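Q: Sequence plus the predicted model coming up.
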Amino acid sequence: KTSLSNFSSLLGSPGPSQSYTVSGANLSGTISIVPPTGYDISTNNTTFTSSLTLSPVAGSITSQAVYVRLNASAPLGANNGAVTHIGGGALAQNLSVSGTVYQPTLSPSVASISGFNTVSGTVSASKNYSLSGSNLTGAITLVASNNIEISTDNVTFATSLMLLPSGGSLNAVPIYVRVGVFAPVGALSGSIVQSGGGAADQTVTLSATVTAPPASLTLSAATLSNLVSVFGSSGTSQSYTVSGYGLTNGVTFTASANFEVSLNNSLFASTLSLNPTGGSLSNYPIYVRLNATAPLGPVSGSGLHTASGAAATNLVLSGTVNEAPPTITSPLSGSIYTNKAFSYTISATNGTNPITGYGAMNLPSWLKYSNGVISGTNNNSTSTNISFQISATSARGTTTANYQLKVMTQAEQDAIPLNVVINKYLNYL
């Protein structure tokens, strides 16, 4: 061969080798082989040096393989020259070599992007540029700075991306950029760093303006219905949440008559105030219930939310106040002598609702219940304390109470001073 061509390598790394053979006859001494600057040579394709010496055997060299490659010090661009072969009394021979050293490169189509404008809490419209690359040795990573998001399809955005070159190249890959939803109010500067593949890092800078959102109040519900209470008592609460932006002062909630509100579902009032942190509220819970003075029957009203600079928002409220279960009006204690008859009539009231039934539970064996009356004769000769339950039922529910009955012997009664009344409610003694 008289020449080897198309050597190639990446800057800073040796390239693949090519080979040829050296032969000689009637040689009087050694042969010196020297490649041009930027090349190395080897006889085993493993150990490369800047020169070789071949020693003839009986004046001859027979088809000695020599390997040539661009070395790690070869400069960028074209590297041409000749491998010289001198010595042994023979005419010098040159082998022309030519090759090119390449450098991995990344080339974004722009150095900076500006003009992003968005409102805090909302992503901006995207802008895009393209990224090209050549002679790349591996994957390319793109990393965006805080509050910047990037994408290759303008649909799925993230803070970092990985691109895989095809044949060592990137061909104008589109990169979409936007400002993220959590960007703070004010001027924003950011960057996208593109690195990898053996290429020098490339940075695209960007600038944006993030403005504060207009003042607003948003409720998670427009209506709370089916609030329920028992007349004379506060009802069971329901909840919703309040969110807001750009709130320069507190938010005031005012409930209409018959309703009350709370921030903690414990302390209720007709009016409450919220103090936004940094001008914002995020899903702040509010509890609403019927108050203890709400009248019987259907009740409706509203809750008005007001804040400086924001449009007032209204929550529609409705519910029902029901009558309470019956109230037992008959006395709940009494006493009798041993071996005496006992009779007790249960009585109760429930407003306009008629009493539909009475009941008794856990009666001793000598007491019987029938149609609201408990009666019987105690045949026990010893004193005792008896407890049983009575009940009254109406359309509004059932009320249960404990009745306490003291059974006494005559001797116990006689021992009590005359000025002590032991049976305040019933006189069966």
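A: Now that the structure is in, tell me what you want to look at.
Q: Next one, pLDDT for the residue nearest to S28 when sequence neighbours are not counted please.
A: Closest residue in space to S28, ignoring its immediate chain neighbours: G89 at 3.9 Å, by C-beta to C-beta, 6 or more residues apart in numbering. C-beta here means a position set from N, CA and C on the backbone, and glycine is covered the same way. Predicted confidence (pLDDT) for G89: 94.
Q: May I have the residues that are in contact with G89?
A: By C-beta atoms under 8 Å, 6 or more residues apart in numbering, the contact list for G89 reads 26-29.
Q: Of the residues you listed, keep whichever come out buried.
A: Neighbour counting by 16 or more other C-beta atoms under 10 Å classes L27 among the contacts of G89 as buried.
Q: Mind picking the one among the contacts of G89 that's closest to S60?
A: Nearest to S60 among the contacts of G89 is L27, at 6.8 Å by C-beta to C-beta.
Q: just to revisit the earlier point, next one: the residue nearest to S28 from P56, what distance?
A: In this view, G89 and P56 are 10 Å apart by C-beta to C-beta, to the nearest Å.
Q: Redo the contacts of G89 as a markdown table? Include pLDDT.
A: Putting the contacts of G89 into a markdown table (pLDDT from 0 to 100) gives the following:
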| residue | pLDDT |
| --- | --- |
| N26 | 96 |
| L27 | 96 |
| S28 | 95 |
| G29 | 95 |
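Q: so what's the backbone phi/psi at D414?
A: Here is the backbone geometry of D414 (degrees, to the nearest 10): phi -70, psi -30.
Q: whoops, E412 was the one
A: Note on E412: its backbone torsions stand at phi -70, psi -40 [degrees, to the nearest 10].
Q: Around it, count how many other residues there are.
A: E412 has 14 neighbouring residues, counting by other C-beta atoms under 10 Å.
Q: same question, A392
A: So A392, with other C-beta under 10 Å, has 26 neighbours.
Q: show me what contacts it?
A: By C-beta under 8 Å, 6+ apart, the neighbours of A392 are 326, 328, 346, 348, 350, 355, 357-359, 398-399.
Q: farthest-separated two in these?
A: Across these, the longest distance by C-beta to C-beta is 14.8 Å; it joins N350 and G359.
Q: Please enumerate the strands of the stretch 151-300 of the chain.
A: Taking DSSP state E, counting those that start in this stretch, the strands of the stretch 151-300 of the chain run over residues 160-163, 170-179, 186-196, 199-211, 216-219, 223-230, 238-245, 251-255, 259-262, 271-274, 281-290, 297-307.
Q: Just name the most buried of those strands.
A: Among the strands of the stretch 151-300 of the chain, ranked by average contacts under mean count of other C-beta atoms under 10 Å, first place goes to strand 259-262 (a mean of 22).
Q: quick revisit: format the contacts of A392 as JSON lines; extra columns: secondary structure.
A: Below are the contacts of A392 laid out as JSON lines (DSSP: H, G, I helix; E, B strand; the rest coil):
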{"residue": "P326", "secondary structure": "coil"}
{"residue": "I328", "secondary structure": "strand"}
{"residue": "I346", "secondary structure": "coil"}
{"residue": "A348", "secondary structure": "strand"}
{"residue": "N350", "secondary structure": "coil"}
{"residue": "I355", "secondary structure": "coil"}
{"residue": "G357", "secondary structure": "strand"}
{"residue": "Y358", "secondary structure": "strand"}
{"residue": "G359", "secondary structure": "strand"}
{"residue": "T398", "secondary structure": "strand"}
{"residue": "T399", "secondary structure": "strand"}
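Q: Go through the residues you listed and give me the one with the most neighbours.
A: In terms of neighbour count, P326 stands highest of these at 26 neighbours, by other C-beta under 10 Å.
Q: Assess the claim that G198 and L106 are in contact.
A: No. Contact criterion C-beta atoms under 8 Å: G198 and L106 do not qualify, at 9.7 Å.
Q: Okay, now the unreliable bits of this protein?
A: 381, 383, 416-429 (pLDDT under 70).
Q: hmm, 80 instead?
A: Within the chain, the stretches with pLDDT under 80 are 1, 213, 245-246, 248-249, 277-279, 308-309, 351-352, 379-383, 409-429.
Q: now the helices for it?
A: All helices of the chain, identified by DSSP state H, fall at 410-414.
Q: and S266, what does it touch?
A: Under the criterion of C-beta under 8 Å, 6+ apart, S266 has no neighbours.
Q: scratch that, T236
A: Contacts of T236 by C-beta under 8 Å, 6+ apart are 227-229, 289.
Q: same question, V230
A: Listed by C-beta under 8 Å, 6+ apart, the contact set of V230 reads 321-324.
Q: what bridges to it?
A: N322 (DSSP bridges).
Q: can you tell me how far the closest residue to V83 other than its chain neighbours sits from N79?
A: Nearest residue to V83 in three dimensions, chain neighbours excluded: L95, at 4.3 Å (C-beta to C-beta, 6+ apart). L95 sits at a distance of 14 Å from N79 (criterion: C-beta to C-beta).
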